[in-house]
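1. Provided below for reference: sequence and predicted model.
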Amino acid sequence: MKWLRKKILTGLLPAVLFVFVIPAGAQNQQDSLPSNISLYTYVDKEQVPQNHEIVYTVELRWRGELTRYKILEIEDPKLTNLTVRGSGSSNKVTTLEDGRLQSVKQITYYLKPVEMGMAYIDGMIIRYEDTERGESESLIAGRIGVKVEQPVIETGNGTAQTIILWFVVIVLLALVAFFLVRYKNKKAELERAALEQIIESTEEKYLRLLKETIHFSSDNLKDSITDLSHLLTGYLSERFSLPAGGLSSKDMLQILSEKEIEPDTLERLKDFYAKADLVRYAGETI
């Protein structure tokens, strides 16, 4: 009787295992093999100071082209004692040793601890569509715990970088101030020169030109007389607003005779132009 009971149990045990174990395994295998997609989540460190960051990476991998799977929804991770500072994503396709393609989609979260103690990143759900099979499925990430420790004091390179930064800022400000002062001084100098030029009277202008043009030590008196005649004509034209455009000395004197000019001065002008014309055109010496 005992022998029979033992034999029955021995025969039933494989059947029970086949019913409760094998179908579960076969079901997992059927879901994973056709989809051929894997989910990995990890952090860059398991212990972190409170004033540092944690990098949490979510990675999807599959064999084939990047377009094989379409990501429908990625839930934000549920955080305990952590806040999100920022995130980013990237795609990459590599060729394996057997020549097949492997696609990788990576989402990176930058997390900041809130206070000391344990921090947790709870499982997130990723929904995707298999474009070949036309089916939508989901993947669930597991929970990850990180220990938040006492903040650390930043020294060394941070202080040196701050000093260098301030030095660069001061140098830039000094250069800006230097060029600004130089620009203002140059502008003021140009304004003064323009003002002086405006204020300069007609008499002052032609006295200055007279000193710059006529040199008594020159042996070429003919050229000096010619230059002096041009200067005098220019002065009279501006002083008495004579018509522009090549007036002869005779026409100019005729117009001047109608102006309010003393007769003695007019006679001296006539005498000068007469002698200048003799020197210039008749070759008379002085």
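-> Received the coordinates, thanks. Numbers count the residues shown, from 1 in each chain.

2. tell me what residue 79 is bridged to.
-> Note on residue 79: beta-bridge partners by DSSP bridges are residue 121.

3. and it, how far from residue 150?
-> According to CB to CB, to the nearest Å, residue 79 stands 21 Å off from residue 150. Where C-beta positions appear, they are placed from N, C-alpha and C, glycine not excepted.

4. and residue 104, by the same measure?
-> When residue 104 is compared with residue 150 (using CB to CB), they lie 36 Å apart.

5. how about residue 39?
-> Counting by CB to CB, the gap from residue 39 to residue 150 is 33 Å.

6. okay, these two: which has more neighbours?
-> A side-by-side neighbour count of residue 39 and residue 150, using other CB atoms under 10 Å, places residue 39 first with 16 against 8.

7. now that one: which helix or strand?
-> Using DSSP states H and E, residue 39 sits within strand 37-43.

8. against which helices or strands is that strand packed?
-> strand 54-63, strand 135-140, strand 144-149 (3 or more CB pairs under 8 Å, 6 or more residues apart in numbering; DSSP states H and E).

9. residue contacts, residue 214?
-> Neighbour list for residue 214: 224, 227, 228, 231 [criterion: CB atoms under 8 Å, 6 or more residues apart in numbering].

10. ok, now with 6 Å
-> Going by CB atoms under 6 Å, 6 or more residues apart in numbering, residue 214 touches 224, 228.

11. could I get the phi/psi values of it?
-> Main-chain dihedrals, residue 214, degrees, to the nearest 10: phi -90, psi 120.

12. and what of residue 72?
-> The phi/psi pair for residue 72 (degrees, to the nearest 10) reads phi -90, psi -40.

13. which residues touch it?
-> The contact partners of residue 72, by CB under 6 Å, 6+ apart, come to 127, 128, 129.
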